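In: Predicted coordinates and the sequence they were generated for:
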Amino acid sequence: MLRLSCIGALLLINNMAVAQSKEVPQKVKRPQVENQVKTINGGTPLSPKTLWELGRVSAEGLSADGTQLIYGVSNYQFDENKSEKNLFVIPVKGGEAKQFTSEAGGESVLSVQENGDVLYMFKGQIWQKNLNGGDAKQLTDIEGGLENVKISPDGKSILFSKAVLLKEYHSVDKYADLPKSNVYIYDNLDYRHWDTWNDGRFNHPFVASYENGKLGEPKDIMEGEPFYSPQMPFGGAEDFTWAPDSKSVIYVAKKRFGNDYAQSTNTDLYQYDIASGKTRNLTEGMSGYDTNPTYSKDGKLLSWLSMKTDGYEADKNDIILLEPGSGRKVNLTAHWDGTVNSFVWSKDNKKIYFVAPTKGTVQLFEINVAKGVWSKMLPKITQISEGDFDITGIVGETATGLIVTSTKMTRATEVFDYNFKSKAIKPITTVNDAMYSQIADTKVEGRMTKASDGLDLFSWVIYPPDFDASKKYPVLLFCQGGPQSATTQSYSFRWNFQLMASQGYIVIAPNRRGMPGWGVKWNEQISKDWGGQSIQDYLSAIDDLSKESYVDKENIAAVGASYGGYSVFMLAGVHEGRFKSLISHCGLFDMTSWYGTTEELFFANHDIGPYWDKNNAKSYNEFNPIKHIDKWNTPILIFQGGKDYRVPIGQGLEAFQAAQLKGIKSRLVYLPEENHWVLSGHNAQVWQREFFGWLSETLK
């Protein structure tokens, strides 16, 4: 059994220098932990502990003149099982980084003033410090702290959010004479979401006057409304913005309650007028998600992200443009066969830059916003970056380009300078370069396969750092979650392909049906077809790779989480001997019980549909893993989070119990304090040890 030592060192015990016969390739033994480390290609294999020792970089903002970048670095502390984040400043065109904050606790930048003063949040309060040095000054001292803060353009008002008690769901609120009770009472859905139970408190935006850190009496601009803004569970400051004249606020809210809330994605943009206290809906009649309201730099135009279909959370995301004065509105990306992740306006108000998945990566695009957009003229959309990397976000614009964040499968987030002229990206931050210089690199290649229906199917293939085509390697088929999320050049601190490959496995990650980046039709094809073409895509990809002489066909595993975990459960009943081992994390096992206990019913309704509707019989029979349990015969490891309300605990327990009763080698790893993810550093280390330990036990 593979055991992962706390020292994070991995040893390849097989002497790779021994010549192997090309006619009969020798199987490669995977690394086993020892007290010493073998060097491979100038580095050591990536280990789970080393992965968590990498600095996690966040871009925080640019100086007003665009010459200096403020960024954050979070470092995990194993002894305390927590992260510590500090801010740094570095010249955009190169130079030495200087630490900007050092206090214990995380800081996040609000804004950078013309004079170089940086306003940032620290322990729920607003602080100020100049880029050129000096002492930090605490500006606010508000009881309970502030969240999702935005200061008005004129600097005279502040916008923030806090939770407001509006419903007496918890017994201590409903029955004041029973303060030691702990009971929840509901008459509607939305009784729990993601990893928390609804206690009757709703996030609301508040506005107040602001001067030198002093707040006036806050005003709840959604007073008495049992709706959320920011959205639950992941909404933040991006869910509201000030109008350029500081006289109104635009906020995002899904004004649905209970059963309607659980079954709808219809968020709208609401404009609240400070003087009159009146609110109007700017997106009346637009039925899907409307989010991320953003004004052009001159304040004349409003733009946002919009989906058309109510209940379809993975619909095509378009950029909508509104001229507030005239009310004219246009969809800038309606004619483009893709979906937008995020966007920013250019400084001259003539372009919008956005990032979007395309063909296995996430790249930069630009839209020319000319006067013709108000006519039938289609705006020109151009992809302006290209390469085997992801552009994960746009920080801001400089005189020569854009400051962006970027990842590769083998490199965590760093900040880069994208040059308009050369179209190349150049690193600004190099937080993890020293550590990566000591880590054995892994080769990543794209591979095109023919799917079972004859269409092209792209996959990423990641090879061990000491890959030798004359030898044989075990293979991991990675099944992506979502189901409509992309497998690109992103970097994960748990499902890390470089880490998997560094343990001696070849990893293949197909861009199967349902993934954005290959056109809207490809993305939509998975809805109501979970167990159909997408599962066949996985089989096509692994069958094609298995033709290679270096693949050990007797030692192939399928692994995945969420929909990927469902895929593993489905493959367990239909793989016909392809896999020797399986790993499912928070996967859907019984579609009937899942539909009856998951919280976001809009997703379940769109992708599966109610089990009592005969039109959905295929989803609950042919495409239901529990219906194929009679064919299960493969060792399986099952991870399940105790606070996972997206894929509740019963799914993992049902699958494990079935496997046990059928006499199949199986293991349950229960994480009582984790949700759909694994957020604790120590728990993540246990997860990795069990993951690779299981593979070591079941793949020889």
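Out: Alright, I've got the coordinates.

In: Show me where the stretch 201-350 of the chain dips below the pLDDT cut-off.
Out: Filtered on pLDDT under 70, the stretch 201-350 of the chain yields no residues whatsoever.

In: Can you show me the strands along it?
Out: 201-211, 214-215, 219-220, 240-242, 248-253, 268-273, 279-281, 290-295, 302-306, 318-323, 328-331, 342-345 (DSSP state E, counting those that start in this stretch).

In: how about TSV for these, with distance to Lys627 and mean neighbour count added?
Out: In this view, the C-beta of every residue, glycine as well, is placed from N, C-alpha and C. Below are those laid out as TSV (distance: least, C-beta to C-beta, whole Å; neighbours: other C-beta atoms under 10 Å):
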stretch	distance to Lys627	mean neighbour count
strand 201-211	40	20
strand 214-215	58	16
strand 219-220	50	14
strand 240-242	46	23
strand 248-253	40	23
strand 268-273	40	20
strand 279-281	44	14
strand 290-295	37	21
strand 302-306	38	22
strand 318-323	38	20
strand 328-331	42	14
strand 342-345	40	20
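
In: which stretches of the stretch 51-200 of the chain form strands?
Out: Under DSSP E, counting those that start in this stretch, the stretch 51-200 of the chain gives strands at 56-62, 68-77, 82-91, 98-99, 107-112, 117-122, 125-130, 133-138, 147-151, 157-165, 192-193, 196-197.

In: Can you say which of the strands of the stretch 201-350 of the chain is nearest to Gly446?
Out: Among the strands of the stretch 201-350 of the chain, strand 342-345 comes nearest to Gly446, with 24.6 Å by C-beta to C-beta.

In: Dump that closest one to CSV, keeping only the CA atoms.
Out: Extracted C-alpha coordinates of strand 342-345, given in CSV (Å, rounded to 0.1, in the frame of the first residue of the first chain):
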residue,chain,number,x,y,z
SER,A,342,-15.9,37.1,-17.3
PHE,A,343,-15.1,40.5,-18.9
VAL,A,344,-13.7,44.1,-18.5
TRP,A,345,-14.1,47.3,-20.4
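
In: distance between that strand and the chain's centre?
Out: Distance of strand 342-345 from the chain centroid (C-alpha atoms, centre = their mean, to the nearest Å) equals 18 Å.

In: And the helix or strand that it is followed by, what does it pack against?
Out: Moving toward the C-terminus from strand 342-345, the next helix or strand (DSSP states H and E) is strand 351-358. Using 3 or more C-beta pairs under 8 Å, 6 or more residues apart in numbering; DSSP states H and E, the elements in contact with strand 351-358 are strand 342-345, strand 361-368, strand 390-397.

In: Kindly provide the distance from Ile583 to Ala541.
Out: Distance, Ile583 to Ala541, by C-beta to C-beta, to the nearest Å: 17 Å.

In: Counting neighbours, go ahead and name the busier of these two.
Out: Remark: of Ile583 and Ala541, Ile583 carries more neighbours, 27 against 24, as counted by other C-beta atoms under 10 Å.

In: And for stretch 67-76, what's in contact with it?
Out: Applying C-beta atoms under 8 Å, 6 or more residues apart in numbering, the contact partners of stretch 67-76 are 52-53, 55-63, 82-93, 100, 106-109, 112, 118, 131, 395, 398, 403, 415, 428-429, 431, 681.

In: In ChimeraX, select just the buried ones from the residues you listed.
Out: The following ChimeraX line selects those of those that are buried, judged by 16 or more other C-beta atoms under 10 Å:
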select :52,55,56,57,58,59,60,61,62,63,85,86,87,88,89,90,92,100,106,107,109,112,118,131,395,398,403,415,428,429,431,681
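
In: and Ser161, what does it touch?
Out: For Ser161, the contact set (C-beta under 8 Å, 6+ apart) comprises 147-148, 203-206, 229-230, 240.

In: Test of understanding: give the bridge partners of it.
Out: As for beta bridges, Ser161 partners with Glu147, Pro205 under DSSP bridges.

In: Ok, Lys329 next?
Out: The partner residues for Lys329, given DSSP bridges, come to Leu322.

In: OK, contacts around it?
Out: 320-323.

In: related to what we said a few turns ago, I'd like the strands of the stretch 201-350 of the chain written out as CSV, with distance to Asp613 added.
Out: Shown next, in CSV, are those (distance: least, C-beta to C-beta, whole Å):
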stretch, distance to Asp613
strand 201-211, 32
strand 214-215, 52
strand 219-220, 41
strand 240-242, 38
strand 248-253, 30
strand 268-273, 29
strand 279-281, 32
strand 290-295, 29
strand 302-306, 29
strand 318-323, 30
strand 328-331, 32
strand 342-345, 36
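
In: closest one to Met377 among these?
Out: strand 328-331 (10.0 Å).

In: Please tell me how far the closest one is from the chain's geometric centre.
Out: Worked out by C-alpha atoms, centre = their mean, strand 328-331 lies 29 Å from the chain centre.

In: where does Leu4 land on pLDDT?
Out: Among the per-residue scores, Leu4 shows a pLDDT of 32.

In: Can you tell me how far Phe656 is from Ala509?
Out: As for Phe656, its distance to Ala509 is 26 Å (criterion: C-beta to C-beta).

In: Neighbour count: the two, which is higher?
Out: Ala509 (26 against 22).

In: Quick check: that one touching Leu457?
Out: No: Ala509 is beyond contact range of Leu457, at 11.7 Å (criterion: C-beta atoms under 8 Å).

In: where along the stretch 451-600 of the chain do the helices fall?
Out: In the stretch 451-600 of the chain, the segments counted as helices under DSSP state H, counting those that start in this stretch are 497-502, 520-524, 533-545, 563-574, 591-595.

In: As a markdown table, these with distance to Thr407 and mean pLDDT would be great.
Out: Formatted as a markdown table, those follow (distance: least, C-beta to C-beta, whole Å; pLDDT from 0 to 100):
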| stretch | distance to Thr407 | mean pLDDT |
| --- | --- | --- |
| helix 497-502 | 11 | 98 |
| helix 520-524 | 21 | 96 |
| helix 533-545 | 23 | 98 |
| helix 563-574 | 19 | 98 |
| helix 591-595 | 32 | 98 |
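
In: closest one to Ser696 among the ones you listed?
Out: Closest of the helices of the stretch 451-600 of the chain to Ser696 is helix 497-502, at 12.6 Å (criterion: C-beta to C-beta).

In: on contacts alone, who are the packing partners of that closest one?
Out: Applying 3+ C-beta pairs under 8 Å, 6+ apart, we find helix 497-502 packed against strand 456-462, strand 473-479, strand 506-510.

In: Ala334 is nearest to which of the ones you listed?
Out: strand 456-462 (25.8 Å).

In: same question for that closest one, mean pLDDT?
Out: The average pLDDT within strand 456-462 is 98.

In: which residues touch that strand?
Out: 359-360, 409, 442-451, 487, 489, 497-498, 500-501, 506-512, 518, 537, 540-541, 545.

In: Now list the buried members of those residues.
Out: Neighbour-count burial (16+ other C-beta under 10 Å) is assigned, among the contacts of strand 456-462, to 360, 409, 442, 444, 447, 449, 451, 487, 489, 497-498, 500-501, 506-512, 518, 537, 540-541, 545.

In: May I see the contacts of Ser161 organised as JSON lines, with distance to Asp173 added?
Out: Formatted as JSON lines, the contacts of Ser161 follow (distance: C-beta to C-beta, whole Å):
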{"residue": "Glu147", "distance to Asp173": "21"}
{"residue": "Asn148", "distance to Asp173": "24"}
{"residue": "Asn203", "distance to Asp173": "17"}
{"residue": "His204", "distance to Asp173": "17"}
{"residue": "Pro205", "distance to Asp173": "23"}
{"residue": "Phe206", "distance to Asp173": "21"}
{"residue": "Ser229", "distance to Asp173": "22"}
{"residue": "Pro230", "distance to Asp173": "22"}
{"residue": "Phe240", "distance to Asp173": "27"}
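
In: Could you report the distance from Leu332 to Asn317?
Out: Relative to Asn317, and taking C-beta to C-beta, Leu332 is found at 12 Å.
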